[in-house]
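Engineer: All I have is the shape, not the residue letters:
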């Protein structure tokens, strides 16, 4: 299973992200390319505890084991999945600025491989290092696919 803890996986994701242009259009959803990049960069900030999010109630209690692990490791990200409003709050930089931020925050995330005190995810609750790595990969992959890269 791909995870952000693998350097090759991070490199593949960044190579795909660098293929985005201002003309890139979403295949689904409402994001513009710069807005999507700001969103995924802020997702890294959330995972590392820089952006606090409030827990979200969903119809199925996916904020605890084993449902959170099932959703992250097996089910994956559906199109039009809800997000935390805190990950939509800042104005995006230009695409090249967001790409630099993405690279920087992915490297920072990777440097935290030995961390044990991960913050709670707003939908999935407390996650292990392994689950944060898989979720980070699936989240970025989902949005890159959204824009055809």
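Structural biologist: Structure's in. What do you need? These numbers were taken from a predicted model, which means no experiment stands behind them. Residues are numbered from 1 along each chain as shown.
Engineer: Name the residues of the longest helix anywhere in the chain that are buried.
Structural biologist: The longest helix of the chain (DSSP state H) is helix 129-146. If you call a residue buried by 16 or more other CB atoms under 10 Å, then helix 129-146 has these buried ones: 131-141, 143-144, 146. For the C-beta atoms, the positions are set from N, CA and C on the backbone; glycine is no exception.
Engineer: And those, which is closest to residue 49?
Structural biologist: The shortest gap between residue 49 and any of these belongs to residue 132, at 11.0 Å (CB to CB).
Engineer: From residue 108, how far off is the closest residue to residue 82 other than its chain neighbours?
Structural biologist: Leaving aside its chain neighbours, residue 82 sits nearest to residue 56 (7.3 Å; criterion: CB to CB, 6 or more residues apart in numbering). For residue 56, the distance to residue 108 under the criterion CB to CB, to the nearest Å works out to 25 Å.
Engineer: and what of residue 16?
Structural biologist: As defined by CB to CB, residue 16 lies at a distance of 19 Å from residue 108.
Engineer: least trustworthy helix or strand in the chain by mean pLDDT?
Structural biologist: Using mean pLDDT, DSSP states H and E, helix 67-70 stands out as the lowest-scoring helix or strand of the chain, at a mean of 82.
Engineer: ok now it, how far from the chain's centre?
Structural biologist: Helix 67-70 has its average C-alpha position 17 Å from the chain's average C-alpha position, going by CA atoms, centre = their mean, to the nearest Å.
Engineer: which other helices and strands contact that helix?
Structural biologist: Using 3 or more CB pairs under 8 Å, 6 or more residues apart in numbering; DSSP states H and E, no helix or strand is in contact with helix 67-70.
Engineer: picking up where we left off before, residue 16 and residue 108: which is more packed in?
Structural biologist: A direct count of neighbours by other CB atoms under 10 Å for residue 16 and residue 108 places residue 16 higher, at 16 against 13.
Engineer: Can you tell me the element the more buried one falls in?
Structural biologist: Using DSSP states H and E, the secondary-structure element containing residue 16 is helix 7-17.
Engineer: and for that helix, what are the contacting residues?
Structural biologist: The contact list for helix 7-17, computed with CB atoms under 8 Å, 6 or more residues apart in numbering, reads 2-4, 37, 99, 102-103, 106-107, 110, 137, 140-141, 144, 149.
Engineer: Identify each buried residue in it, please.
Structural biologist: 9, 10, 13, 16, 17.
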